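Novice: following is a predicted model, sequence given first.
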Amino acid sequence: MNESIEIFDGPPSFSDLVDRVMTKYGCRVDEISLRGRFDCRKARAHYVLMKLSSDANWKHYKDVVHEANVACLEVIVEIVRMPGPNVVMREEVTVVNHNGTQESEMLHHVLGETERDFDLAIANDDFPNNIFERDEANIDVDNVSMGSEDCELEEDGVVGEEDISMVHKAICESSMVNAEGTSIGESPVIKKGMKFNSLEELKFFLADYAVRLHRPFSVVHSDKNLRYNVMCKQGCHWRVWSRLISSTGQWRISNVVQPHTCQSSQPKREHVQCTAKYLGRRILGIIRKDSETSVPSLVESIFIFSGYRVKYSKAWRAKQHAVALLWGDWKESYGMVPRVLSAITYYNPGVKWWIDSCGMMVPDNGVLKHILQRVFWCFPQCSEAFQHCRPVILVDGTFLTGKYKGTLMMAVAVDPEQQIVPLAFALVESENNESWSWFMKLVRVNVLGPSRIVCMISDRHHGLLNCAKDHIDGFPPLVHRWCMRHFAANMSRRQKSNGVIGKLKLLCTVHTEREFREKLEDLVKDLNDDAKEWLKGEMRDKDKWAQAFDEGGMRWGIMTTNFSESLNGVFKGIRSRPVAGIIEYTFEKCNAYFVNRWGKARDMLDQGYRIGQVADNYLSEAELRSVHHLADPYGPERMVYSIRSYGSTNIGGESHGGRHYRVDLHEVSCTCNVPQLLHLPCSHFITACKARGLNFQSPMYLSPLYSREHTIKIWESSFQPYLDPSQWPAYEGVGYVPNPSLMTNKVGRRQKKRFTGEMDVMAAPGYPLLEAAYDLHHRAHHLADMNEHLTPLRARVHSPLRWDERYAQYLQRAGFLDIAVQVVGGLPPMDGPLLTAMVDRWRPETHTFHMPFGEMTITMQDAAMILGLPLHGLPVTGIIQNENWRDMVEMHIGIRPPEPEGGDSSKKTSGVSSAWLREHFEPWHRHDSLPTFYHVWKHVRPVRGNPDRRYRAYTNEFDVLTQYQVEWKPYDRQQLSDIVFSPTCYRDRELWRCTTPMILYFVVEFHMPHRVMRQFGRMQPCPPLELSTSQQLHSIDRRKRYKENDWRVKHDRYIHMWNNKEGCDPEGGPYWRPNNEYIRWYCTSTRTKVKPSWTNVPIEDAPSDDDADIADAYDTVTRHGTQPERAPLHDYMGQQLARLSNEAG
């Protein structure tokens, strides 16, 4: 785009503007069309055009611009000429007045079409496609494939970001001129011999040409290995031939017929080449500058540079394509993270970065890849800068708004000019205990160092509270202080009053204990009971939020995390970028900080300003107040002074009413506490120094960390560019993919702001293994996160099975005889509290119990060893209708039951009678079978006692259970070696570790032994292979599903999986041993403790049926209680009463 500057003697009138355009471009008045452009935005640029045809229009336009957000006059001049019978040309001139008074012109010339309608002669409307074949035979194709006569020049990068075009990459053969000399924004010109590095570049160049000239084309031939030919879609002679140069892989325009002789397509307001992919490349500069540009703003921007107003959906797709071009698509960007960090480290040695997958892997295109769960990085320039900052860091996190959820964590410091100093960054799954502990440990080791004690100021997120207590060998402890603003905001939920909040903040900032007591008494008067109780509970930690009790002055006067949150504001615009783009932005932003702030600090130091802004502002006011103080020396060395501050003066000229302060110049202290808390002299200290003849700006009294020399040392390090990906070193490390569970499934725009009633109340920690839909209603969520007190569940137990010897042969044939005998013998009493404690830990997402040490579940081995059930066989499912039961009996046993005689209603309608069975089958004599493990455990005495007390005790015991306290292989115990068990227990051993669905009519549940390999005495893989449990099956039951007559059809795929299950070697695989890697992964993936707050006290205070049950201070009642389960008795009594009622008539 050509530009020229025009100077006016004064503010031009409308006539002056028209005369200047006519004189400069040699055009007539009737060839000129003027439009004024102005910005009517609210938050982002939104330009509107206003037609200018008179002095009144010109005056009105200037008035509108004067009231707009940006007072800048910009006039678009369209010059319409008719150079030939078939070609219409337009020149657009943009006249810009930057301040509305001093006139300067910026003229932009763009070849294009006018929006007016013209009667044009269209030559050869009937244009056959085969003309390409005829014309190609006459093309000069000498050395087209070899390119020996092509004149190639070195290609440079993209000139600007405002508009990306392929023109700058084209090379013209005939003129030997690199087309990059064409300004970005100028209409592209097609010339024979132009070359492009790829077919994609050629396609974009032609699309760009077509859109700018409003001339769509059709593709005639497209062969990625040979040619790409296009012709005008509106039927004129314009066409382009291009060929692949096989020796170089480039594409070359071999022939072109132009110009267009057809009409513009702009009046139709649509263009076939104006696709989302094309627009994505045109808006690269906009997205690189602000990745959170709204789609409506993009629609307006696209209209300005293309003349076409696209739909919202197309602009959205264009934005996604631009994001993918800049930083890769959302999934690929995670794989780009180590490559980007490796490139930055290659050109900037000393960069520290770590990636933590938390031991998780997922299959990606058939290959297991590590999940990028967390990544930490810090630049050596930032680590070096912190050594010259005050030993205070501020940490905070901001959530991502892209396709994948996550949190960007940041640690910053503050320089002597009160400017933020970025220190370290991390991308994590969410703000939780584990992520904050992981981030802060890396910050302490790689940034803070072991040389000095550092204070961390933050909100009271539970993760930050815990990580401040972490111990690292060889490093000093981390001092934790709370943000005053976050702390005061907690008062708003108890008592919403701005006056109270202001008083609480004032209470936090006072310097002495006396002032603290006075302000506290004044504050308490205005508080309600709830607020008083809350503040009373916080007084034991007043050293963390009250400056008066800040021992050692660890805060250095910094009371809030506003600095870190201002850095959050800086990075707010990139939260919607892919993760690789976020890392690149942090590097670019840190470099900009170091370059700009070093220059400013250097200039200030050269001008004689040797103290930083923070100390300079404070000392200026303190020195003015010191003029009114009086100093009285004490002691032989006169290093202790009594300072009387300014008071009032009576008629006799005697001062009174001022406070007295003790200043010790040797210990650098004052009873006002300012030197001890802020590490700079107060007004009283300045008075004592002047009385003693000492320089109060000496490093003994004023910390050097406030000096401007330290500002220069902070920002003097330099970054080195890491160039483009083609110049990066090869990365041969591990490949990474995002965590699928963090993908955002919500339709629509992502939330950009966080709205919370209480600033320190954070969402419950996120666990990758848990589904939010299940966890929201799960008992464990209500117990652990909502802090509710739930009661034990009541186990429903039915009456015993009525036994008949005639059942035996059929149960044996089906393989259910052993379990039937066990049921007839009576089921053991149910321990409701114990079952409830287990239910609290059962997760439908994995079909396992989530214990503190890992997962456990009920396996096929348990079913075989305890119940003697067979594992091989057909799935138990089929038709549930009773109309065709005779067909089913005939199919399975070969004999069809008789049809009922007419009028006989006594015949069974859904099964065979016992008489019919005795008639057709021989009697079976049952023999005593060998025992299963059920017989061993049958007589174990059930635990009884107060249910609520036992439930709490069981929960507590589960919360502290370790992997070493578990009997992983109970069936191999030495005590059982002398017992001969039923062969059915061991018959199907090869299926014990088979991962398969288990089917019972409409019920389908997955057997997941690969998650509990320790129960088989084998090593547990980390992480276990992810396998969907088909959670949609959990909602299937017989309620409201009466049309499902044949469950074999409904569950066909699961029946197929069962029939094709593969057995495994029961003794195969590595043997179990403690696996810390698995434990670390597991603890970060799920909720390991359900109710750790249930201690001895609430267990002792549980209501009891009998005081004699409480035998000791803990849970003896769980082992010697008195409360039985009565459900079987209730069922039996109910049936007997019903029978007696029927007999009585």
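Specialist: Looks like it came in fine. Numbering: from 1, shown residues only.
Novice: I'd say residue 859 and residue 992 touch.
Specialist: Yes - if you go by C-beta atoms under 8 Å, residue 859 and residue 992 touch, sitting 6.5 Å apart. C-beta: built from backbone N, CA, C; applies to glycine.
Novice: shared neighbours of the two, anything?
Specialist: 1009, 1016 (C-beta atoms under 8 Å, 6 or more residues apart in numbering).
Novice: those two: which has the busier surroundings?
Specialist: residue 992 (22 against 19; other C-beta atoms under 10 Å).
Novice: from memory the more buried one sits against residue 864, does it?
Specialist: Yes - under the criterion of C-beta under 8 Å, residue 992 makes contact with residue 864 at 7.3 Å.
Novice: what sits in contact with each of those two?
Specialist: Common neighbours of residue 992 and residue 864, counting by C-beta under 8 Å, 6+ apart, are residue 871.
Novice: can you show me the CA trace of stretch 285-301 as PDB?
Specialist: The C-alpha trace of stretch 285-301 is given here as PDB (Å, rounded to 0.1, in the frame of the first residue of the first chain):
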ATOM      1  CA  GLY A 285      -1.900  -9.800  12.800                       C
ATOM      2  CA  ILE A 286      -5.100  -9.000  14.700                       C
ATOM      3  CA  ILE A 287      -5.100 -12.400  16.600                       C
ATOM      4  CA  ARG A 288      -1.400 -12.200  17.400                       C
ATOM      5  CA  LYS A 289      -1.900  -8.700  18.900                       C
ATOM      6  CA  ASP A 290      -5.000  -9.700  20.900                       C
ATOM      7  CA  SER A 291      -6.100 -13.300  20.900                       C
ATOM      8  CA  GLU A 292      -9.300 -12.500  22.700                       C
ATOM      9  CA  THR A 293     -10.600 -10.200  20.000                       C
ATOM     10  CA  SER A 294     -14.300 -10.600  19.800                       C
ATOM     11  CA  VAL A 295     -15.900 -12.200  16.800                       C
ATOM     12  CA  PRO A 296     -18.200  -9.200  16.100                       C
ATOM     13  CA  SER A 297     -15.100  -7.000  16.000                       C
ATOM     14  CA  LEU A 298     -13.500  -9.500  13.500                       C
ATOM     15  CA  VAL A 299     -16.600  -9.300  11.300                       C
ATOM     16  CA  GLU A 300     -16.200  -5.500  11.100                       C
ATOM     17  CA  SER A 301     -12.400  -5.800  10.500                       C
END
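Novice: ok, the nearest residue to residue 283 once chain neighbours are set aside - contacts?
Specialist: Nearest residue to residue 283, sequence neighbours excluded (C-beta to C-beta, 6 or more residues apart in numbering): residue 322, at 5.3 Å. Contact analysis of residue 322 by C-beta under 8 Å, 6+ apart lists 280, 281, 283, 284, 286, 287.
Novice: quick one: neighbours of the third one, just the number.
Specialist: Residues near residue 283, counting by other C-beta under 10 Å, number 24.
Novice: which ones are touching it?
Specialist: For residue 283, the contacting residues are 298, 301, 302, 318, 319, 322, by C-beta under 8 Å, 6+ apart.
Novice: what about the contacts of residue 322, which are in strands?
Specialist: Among the contacts of residue 322, no residue falls in strands (DSSP state E).
Novice: just the helices in the stretch 701-850 of the chain please.
Specialist: In the stretch 701-850 of the chain, the segments counted as helices under DSSP state H, counting those that start in this stretch are 708-715, 772-775, 779-784, 808-814, 817-824, 832-839.
Novice: could I get those helices as TSV with mean neighbour count?
Specialist: Formatted as TSV, the helices of the stretch 701-850 of the chain follow (neighbours: other C-beta atoms under 10 Å):
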stretch	mean neighbour count
helix 708-715	22
helix 772-775	14
helix 779-784	19
helix 808-814	15
helix 817-824	18
helix 832-839	20
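Novice: go through those helices and find the least confident stretch.
Specialist: The minimum mean pLDDT among the helices of the stretch 701-850 of the chain belongs to helix 817-824 (a mean of 68).
Novice: about what we covered before: so which of the helices of the stretch 701-850 of the chain gets nearest residue 193?
Specialist: Nearest to residue 193, of all these, is helix 708-715, at 50.6 Å by C-beta to C-beta.
Novice: ok, and what's touching the closest one?
Specialist: Here helix 708-715 makes contact (C-beta under 8 Å, 6+ apart) with 385, 388-389, 415-417, 421, 593-594, 597-598, 601-602, 604-605, 609-612, 704.
Novice: which ones among these map onto strands?
Specialist: If you go by DSSP E, these have residue 421 in strands.
Novice: of the contacts of helix 708-715, keep whichever come out buried.
Specialist: Burial by neighbour count, judged by 16 or more other C-beta atoms under 10 Å, picks out 385, 388-389, 415-417, 421, 593-594, 597-598, 601, 604, 611-612 from the contacts of helix 708-715.
Novice: before we move on, back to that, possible to save the helices of the stretch 701-850 of the chain as TSV with distance to residue 624?
Specialist: Shown next, in TSV, are the helices of the stretch 701-850 of the chain (distance: least, C-beta to C-beta, whole Å):
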stretch	distance to residue 624
helix 708-715	22
helix 772-775	59
helix 779-784	57
helix 808-814	99
helix 817-824	93
helix 832-839	69
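Novice: nearest to residue 399, of these?
Specialist: Checking those against residue 399 by C-beta to C-beta gives helix 772-775 as the closest, at 15.6 Å.
Novice: now do the strands in the stretch 251-400 of the chain.
Specialist: For the stretch 251-400 of the chain, the strands defined by DSSP state E, counting those that start in this stretch occupy 251-257, 352-356, 361-364, 367-371, 374-378, 392-399.
Novice: relative to residue 830, which of those is closest?
Specialist: Short answer: strand 361-364, nearest of the strands of the stretch 251-400 of the chain by C-beta to C-beta, at 39.5 Å.
Novice: show residues contacting the closest one.
Specialist: 368, 369, 370, 371, 737, 739, 740, 1023, 1025, 1026.
Novice: following element in sequence after the longest helix seen in the chain, please.
Specialist: Ranked by residue count and defined by DSSP state H, the top helix of the chain is helix 579-606. Counting by DSSP states H and E, the element after helix 579-606 in chain order, helix or strand, is helix 613-626.
Novice: name the surrounding residues that touch that following helix.
Specialist: Applying C-beta under 8 Å, 6+ apart, the external contacts of helix 613-626 come out as 416-418, 609, 611, 645-646, 678, 680-684, 686-687, 690, 696-697, 702, 706-707.
Novice: redo that, cut-off 7 Å
Specialist: Outside helix 613-626, the residues within contact range by C-beta atoms under 7 Å, 6 or more residues apart in numbering are 416, 417, 418, 611, 680, 681, 682, 683, 686, 687, 702, 706.
Novice: now the buried members of those.
Specialist: Among the contacts of helix 613-626, those classed as buried by 16+ other C-beta under 10 Å are 416, 417, 611, 680, 681, 682, 683, 686, 687, 702, 706.
Novice: mind listing which of these are in strands?
Specialist: Using DSSP E, no member of the buried ones among the contacts of helix 613-626 sits in strands.
Novice: I appreciate the help and will end here.
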